[in-house]
Structure formats: C-alpha cells, structure tokens
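Enquirer: Sequence plus the predicted model coming up.
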Amino acid sequence: MHKPIRRTAVIGAGVMGSGIAAHFANAGLEVLLLDIVPPNLTDAEKKDPAKRNGFAAGGLEKAIKARPAAFFHKDNARLVKIGNVEDDLDKLKDCDLVIEAIIEKMEAKQALFEKLEKVVPQHCIVASNTSGLRISEMTKGRSDNFKKHFVVLHFFNPVRYMKLLEIVVGPEADKDVLAHAVRFAEDVLGKGVVFGKDTPNFVGNRIGAHAMMATIHQMIADGLQPEDVDNITGTPMAHPKSASFRTADLVGLDTFAHVADNCYDSLTTDEDRDVFKVPEYIRKMVEKKLLGDKTKGGFFKRG
Ligand code: NAD
C-alpha cells in the first residue's frame with residue numbers, strides 16, 4: 001500500500017514546470033516549485049532570498065497571468081511555494097512525488113537526479129517530464145531504490161488543457177509504483193494515460209518532432225513562410241490553436257531543438273534520421289533568444 005501523494009515538488013519553473021505546478025495546485029496538492037539561482041546576481045543580490053528565488057517567482061507569476069488561466073482559481077496559487085535548488089533541496093525530504101522539468105539536457109538531468117537521490121525519502125516517486133531522453137541514461141549510477149521509484153511523466157503543453165500524459169518506465173521500475181503513478185495521474189490529475197517505451201523521444205515526440213521537422217524542411221524547400229504553412233495546418237485541418245509554427249513557438253525553440261537533436265543523435269541507424277537535422281537559421285534564432293512565446297520572439301512574435 002503506497003502513501004497517498006500529497007506533498008509534491010516541481011523542479012524547473014519554465015514553460016512546463018510552472019504549468020505542472022499550477023495543475024498540481026488545481027488538484028489540491030501542495031507544491032514546492034524550485035528553479036536555479038539566477039546566474040548574474042551581484043554580491044549583494046546573492047544574499048537576498050527574493051533575488052535567489054527570482055526564476056521560480058517569475059515562473060509562478062507567468063502561470064498566474066497565463067491566458068487562458070493556468071490556475072482554475074487564483075487562490076490555488078497559494079498552494080505553490082517557491083525556492084531554489086541551492087537553498088531548498090532539503091525541503092524535498094517530505095515529498096511524496098518530485099518531478100523535474102528542467103532543460104532537456106542529459107548531463108543536467110543526471111546531475112539533478114544525483115542530488116535528489118540524497119534527499120528524497122525512500123517512498124518518493126521521482127519523475128521526469130523529459131520529452132524523450134533515455135531513462136537508462138538519466139538514471140545511470142543511481143541506486144536500485146531510486147530506479148524502482150523512477151517514472152517518466154511526460155505532460156503535454158499546455159498542461160492544464162492537454163489530457164494526454166505519456167508514462168514510461170525502465171525495466172527496474174516497481175510494478176506497484178507504476179500502478180500508483182497511473183492512479184494518481186488518472187484520478188487526481190484527471191489525465192488520460194498512454195504508455196510509451198524507453199525509446200528515443202518515446203511515442204508522442206518521435207511523431208511530433210518528425211512531423212514538425214519535415215514541415216520545416218518542406219517550408220524551406222518550397223520558399224514558404226510560417227504563415228503560409230499555419231494557414232493550412234491550423235483551422236482548415238481542425239487545429240486552430242495548434243498549427244505547426246504556432247506550436248513551435250508555444251513549445252519553445254530551444255526545447256524543440258534539443259528534442260530534434262536527441263532524435264538525430266539517438267537514431268543512428270534510422271534511414272529517415274536526416275529529417276531531425278536542425279537548420280542553421282533555427283540555431284541562430286535560439287542563439288538570439290528568439291525562442292517563441294516565452295521570450296516574446298519566435299516564428300510569429302518577431303521582435
Ligand atoms: P524551459 O526552458 O521553459 O524551462 C526550464 C527551466 O528549468 C528554466 O526556468 C531553467 O532556469 C530551469 N533549470 C535549468 N536547469 C536547472 C536545474 N539544474 N535545476 C533547476 N532548474 C533548472 O523548458 P520547458 O519547455 O519547460 O521544458 C522543461 C522540460 O519539459 C524539458 O525536459 C522538455 O523537454 C520537457 N517538455 C517540454 C514541453 C514543451 O512544450 N515546452 C512539453 C513536454 C515536455
């Protein structure tokens with residue numbers, strides 16, 4: 001019999017982490033939302049807890065102001081407490097579930113899990129919202145108990161509206177832990193669970209990234225603009241809110257490029273691998289922080 005999941009933490013307060021935290025709060029759960037300490041603080045600012053929690057505060061603020069609303073009711077935001085991973089990791093010792101939604105980079109996730117292993121209680125489910133990094137790599141070097149309690153809970157964006165939740169576990173995962181996570185996702189979070197396998201980018205993003213990358217290459221080959229594509233892939237195809245390039249802006253071009261790179265790097269024997277090659281102009285957009293909705297610049301919000 002598993003302890004009910006009441007106390008949760010979300011690590012990474014960006015597009016997904018803030019949305020997941022809001023969704024947990026909407027379900028009545030206490031949430032601790034942690035991000036990194038902003039890297040460019042002055043010596044004086046480094047001593048100021050409000051500045052140290054600046055990224056988490058910013059993520060929570062965005063979720064509060066999100067339209068359509070991320071919080072069903074503004075009071076739900078009170079269930080979310082903010083902090084940072086340097087000062088507040090020991091608060092995870094009381095958590096029943098910790099989910100990370102940090103940058104889609106293997107080394108960053110591995111380093112975080114190494115730290116989490118030292119603080120979370122034995123029964124705590126540690127989850128990743130990765131778009132498709134391999135579980136076997138992310139949990140390399142972790143204890144048997146950690147692997148037993150490790151699941152991928154891959155939420156889709158926007159978390160509040162997308163019913164789909166892809167759950168993936170590795171071979172070491174405990175069957176009861178998985179069943180517990182599924183019940184939580186369905187009964188508490190109201191999600192529709194599908195199961196993926198520990199394959200590059202699982203199912204959702206393997207298909208999604210393939211389609212988006214093929215669209216990008218086609219657009220370049222045919223000399224089209226994002227508007228030309230979205231005018232077809234939006235309302236006429238019954239996706240008014242999720243046309244191709246609008247979705248890329250919503251996802252974030254940096255995250256999207258990481259996902260495509262992961263497919264390219266992992267699918268070494270796939271004859272269709274080249275479709276995942278990220279074009280140079282998208283790399284330049286990422287460099288210039290034209291990342292989509294989160295930076296107010298991207299395919300549609302230019303400048
Ligand atoms: P994001 O760039 O919007 O946010 C990432 C956040 O993590 C940032 O606030 C950053 O400061 C923080 N961060 C980075 N390293 C950290 C660390 N070591 N500890 C704590 N915080 C750290 O990214 P996102 O779009 O929210 O994506 C987060 C995860 O969710 C990724 O694994 C991504 O692949 C996955 N995902 C994204 C989407 C999407 O549509 N954007 C959908 C499903 C899954």
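Expert: Ah, there it is.
Enquirer: show me where the stretch 101-250 of the chain has helices.
Expert: Secondary structure of the stretch 101-250 of the chain by DSSP state H, counting those that start in this stretch: the helices cover 106-119, 135-138, 144-148, 175-183, 204-222, 226-233, 244-251.
Enquirer: Tell me which of those helices sits nearest to the ligand.
Expert: Between the ligand and those, the shortest separation by Cβ to the nearest ligand atom is 3.7 Å, and it involves helix 244-251. (C-beta placed from N, C-alpha, C; glycine too.)
Enquirer: tally of neighbours for Asp43?
Expert: Number of residues near Asp43 (other Cβ atoms under 10 Å) recorded here: 6.
Enquirer: For it, list the residues it contacts.
Expert: Applying Cβ atoms under 8 Å, 6 or more residues apart in numbering, one finds that Asp43 lies in contact with no residue.
Enquirer: What confidence value was assigned to it?
Expert: Asp43 is assigned a pLDDT of 97 by the prediction.
Enquirer: What are the neighbouring residues in contact with the residue in the chain that the ligand sits nearest to?
Expert: Of the chain, the residue with the smallest distance to the ligand, taken as Cβ to the nearest ligand atom, is Gly14 at 1.8 Å. With contact taken as Cβ under 8 Å, 6+ apart, Gly14 is in contact with 35, 59, 101-102, 252, 294.
Enquirer: Make a markdown table from the helices of the stretch 101-250 of the chain and add mean pLDDT, mean neighbour count and distance to the ligand to it.
Expert: Conversion of those to a markdown table gives the following (pLDDT from 0 to 100; neighbours: other Cβ atoms under 10 Å; distance: least, Cβ to the nearest ligand atom, whole Å):
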| stretch | mean pLDDT | mean neighbour count | distance to the ligand |
| --- | --- | --- | --- |
| helix 106-119 | 98 | 16 | 5 |
| helix 135-138 | 96 | 17 | 10 |
| helix 144-148 | 98 | 16 | 17 |
| helix 175-183 | 98 | 16 | 17 |
| helix 204-222 | 92 | 17 | 8 |
| helix 226-233 | 92 | 16 | 17 |
| helix 244-251 | 93 | 22 | 4 |
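Enquirer: Specify the stretch among the ones you listed that is closest to Lys47.
Expert: If you check each of the helices of the stretch 101-250 of the chain against Lys47 by Cβ to Cβ, helix 106-119 wins as the nearest, at 22.7 Å.
Enquirer: Run through the neighbouring helices and strands of the closest one.
Expert: Contact analysis of helix 106-119 by 3 or more Cβ pairs under 8 Å, 6 or more residues apart in numbering; DSSP states H and E lists strand 97-100, strand 125-128, helix 135-138 as its packing neighbours.
Enquirer: Select, out of these, the one closest to Asp174.
Expert: Smallest distance to Asp174 across those (Cβ to Cβ): 9.8 Å, for strand 125-128.
Enquirer: ok, the closest one: who's next to it in the sheet?
Expert: strand 97-100 (parallel), strand 150-155 (parallel) (DSSP bridges).
Enquirer: Need those in JSON lines (columns: mean pLDDT and distance to Ala257).
Expert: Supplementary listing: these in JSON lines, determined by pLDDT from 0 to 100; distance: least, Cβ to Cβ, whole Å:
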{"stretch": "strand 97-100", "mean pLDDT": "98", "distance to Ala257": "20"}
{"stretch": "strand 150-155", "mean pLDDT": "98", "distance to Ala257": "18"}
